[in-house]
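**Student:** let's see this in three dimensions:
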Amino acid sequence: MTEPDLKLNLPNWLGYIMTITGVTGFAGVILLYACQCKLIYPANYPEGSREEVAVPSDYGMNYIEETLRTRDGVHLKSYIILQPNEDEAKRRPTILYFHANAGNMGHRLPIAKQFYNRYKCNVVMLSYRGYGKSDGSPNEKGLKIDSQTMLDYVREHPILRTTPLVAYGQSIGGAVAIDLVSRNEDSFSGLMLENTFLSMPKVIPHVMPFLKYATFLCHQHWYSEKAIKNIVNTPILFLAGAKDELVPPSHMLRLKELSETRAGKVWASFPNGMHNNTCMQPGYFTAIQNYLSTHILKEELGERSGTGYPTTQQVEPKETEDEATVEAGYVDGQIVGEDKENNQSYQLVSGLADEKGQTHNFTVKEVYLDKDD
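**Tutor:** Residues are numbered from 1 along each chain as shown. Purely as a prediction, here's the structure:
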């Protein structure tokens, strides 16, 4: 007696589809697990990002380039951009800038220039391990060490150690910032987040839909939805692009809802903001200015706020024709200010539009803002 032949009688076309689908799915699973860090941290994009890194002096800012050594022996390149007057530098806020997952810190200097010139902030920024001219290879554990290394440096710096510290993160840089502040909240006076996700497993299905059933293999977690609950005494600014095509806008809204901070939450949404161009939207820098003025800077020099953070005298930003940028636009859909024109052009990490008008990550193009007549 022979054993029955266990065989499915499927149509040839259906068997072909199942075979192709199965092979594609299996390949996707292998890709997600084995090449995960290369997918999440495309440090080589845009082309030349590991060799060419712009410097602050290209944008009229004096700076010191520091090589920071992490506790696991990785050397990181960092820019320390101080206000030119030492006494003023000691009073002004310091922005710890954490960039998105493509490019390097040099691509973000146009935005750093706005913090430096318009708001008279000191700016500290670094290229994560494996980015720009920093050593090593990027991964979640490593980036957390990198951010801690930068904070430790700032806390020992003779000028910066007494300044109010504000963490600013874009996209995955927001996840880095949330993690760092959640572990060192006593060191921070503020946190600003742009287009940040709840967690890596929850954002992968939107970036790579064919892997939505394989997220259990994701070993880069970035659980911002958990870490943000540990931040309870720091005011948070949420800068959300309503047309973000990579991180669902609902992620930012949910982060705001999950936040339990008692120091204030500020929500600024931009109706036409996509993942890479939210920072170019009307009202973006107005929202930042209002947040810094209300939550970081205080009227009386030397006073301390109720949370114990050092405060500084409020200084209204002054414009010149060459440095003027977004002064007005929309915050939460409401017009703020009278002028609606933007007047500067910058080189920023942005998306390259396809034939459908959608922009995608990991490329650099020239972005122009309208000029005043």
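**Student:** what segments of the stretch 201-350 of the chain are strands?
**Tutor:** Along the stretch 201-350 of the chain, the stretches classed as strands by DSSP state E, counting those that start in this stretch are 236-241, 265-270, 329-331, 334-336, 345-350.
**Student:** the ones you listed: lowest mean pLDDT?
**Tutor:** Here the lowest mean pLDDT among the strands of the stretch 201-350 of the chain goes to strand 345-350, at a mean of 28.
**Student:** low-confidence ranges in this structure?
**Tutor:** Residues of the chain that meet the criterion pLDDT under 70 lie in 1-34, 298-373.
**Student:** how about the most centrally placed residue in it, what does it touch?
**Tutor:** The residue lying closest to the centre of the chain (Cα atoms, centre = their mean) is Q170, at 1.3 Å. Q170 is in contact with 98-100, 108, 194-196, 279, counting by Cβ atoms under 8 Å, 6 or more residues apart in numbering. All C-beta spots, glycine's among them, are computed from the backbone N, C-alpha and C.
**Student:** again, but for D146
**Tutor:** By Cβ under 8 Å, 6+ apart, D146 lies in contact with 70, 74, 76, 126, 128-129.
**Student:** that one sits in which helix or strand?
**Tutor:** Secondary structure from DSSP states H and E places D146 in helix 140-156.
**Student:** buried stuff in that helix?
**Tutor:** By neighbour count with 16 or more other Cβ atoms under 10 Å, helix 140-156 contains the buried residues 140, 142-151, 153-154.
**Student:** for those residues, which one is nearest F188?
**Tutor:** Proximity of the buried residues of helix 140-156 to F188 was ranked by Cβ to Cβ; the top entry is L151 with 8.8 Å.
**Student:** could you check how far that closest one is from Y63?
**Tutor:** L151 is 19 Å from Y63, where distance means Cβ to Cβ, to the nearest Å.
**Student:** mind listing the helices for the protein?
**Tutor:** Here the chain has its helices, by DSSP state H, at 12-34, 36-40, 86-91, 109-117, 140-156, 172-183, 200-207, 224-227, 249-258, 284-291.
**Student:** so which elements touch the last one?
**Tutor:** In terms of contacts (3 or more Cβ pairs under 8 Å, 6 or more residues apart in numbering; DSSP states H and E), helix 284-291 is packed against strand 190-194, strand 236-241, strand 265-270, strand 329-331.
**Student:** run the chain-centre distance for it.
**Tutor:** With Cα atoms, centre = their mean, to the nearest Å as the basis, helix 284-291 stands 16 Å off its chain's centre.
**Student:** what is the neighbour count of E52?
**Tutor:** By other Cβ atoms under 10 Å, 13 other residues sit near E52.
**Student:** okay, how far is it across stretch 92-106, tip to tip?
**Tutor:** Distance across stretch 92-106, first residue to last, is 23 Å (Cα to Cα, to the nearest Å).
**Student:** typed the wrong thing, it's stretch 219-226
**Tutor:** Start-to-end span of stretch 219-226 (Cα to Cα) is 16 Å.
**Student:** buried ones in it?
**Tutor:** Judged by neighbour count (16+ other Cβ under 10 Å), stretch 219-226 contains these buried residues: 220, 222-225.
**Student:** got it, and stretch 284-301?
**Tutor:** By 16+ other Cβ under 10 Å, the buried positions in stretch 284-301 come out as 284-293, 295-298.
**Student:** related to what we said a few turns ago, out of the buried residues of helix 140-156, who's nearest A112?
**Tutor:** The closest of the buried residues of helix 140-156 to A112 turns out to be M150 (Cβ to Cβ; 14.2 Å).
**Student:** list the contacts of the residue nearest to W222 when sequence neighbours are not counted.
**Tutor:** Nearest non-adjacent residue to W222, counting by Cβ to Cβ, 6 or more residues apart in numbering: A175, 4.2 Å away. Applying Cβ under 8 Å, 6+ apart to A175 gives the contacts 169, 196-197, 222, 224.
**Student:** now swap in E260 and tell me
**Tutor:** Contacts of E260 (Cβ under 8 Å, 6+ apart): 229, 231-232.
**Student:** now the buried members of those residues.
**Tutor:** For these, a burial check counting by 16+ other Cβ under 10 Å picks out I231.
**Student:** any idea how far the residue nearest to D179 when sequence neighbours are not counted is from L191?
**Tutor:** Sequence neighbours aside, A227 is the residue nearest to D179 in space, at 5.2 Å (criterion: Cβ to Cβ, 6+ apart). Going from A227 to L191 by Cβ to Cβ gives 11 Å.
**Student:** what about M208, how many neighbours?
**Tutor:** By the measure other Cβ under 10 Å, the count of residues near M208 is 15.
**Student:** please shift the residue numbers so they start at 430 in all later answers.
**Tutor:** Fine by me, first position is 430 from now on; the one you just mentioned is M637.
**Student:** now do the phi/psi pair for it.
**Tutor:** The phi and psi values for M637, taken as degrees, to the nearest 10, are phi -130, psi 80.
**Student:** returning to that earlier point: what bridges to the residue nearest to the centre of the chain?
**Tutor:** On the basis of DSSP bridges, Q599 takes part in beta bridges with E623.
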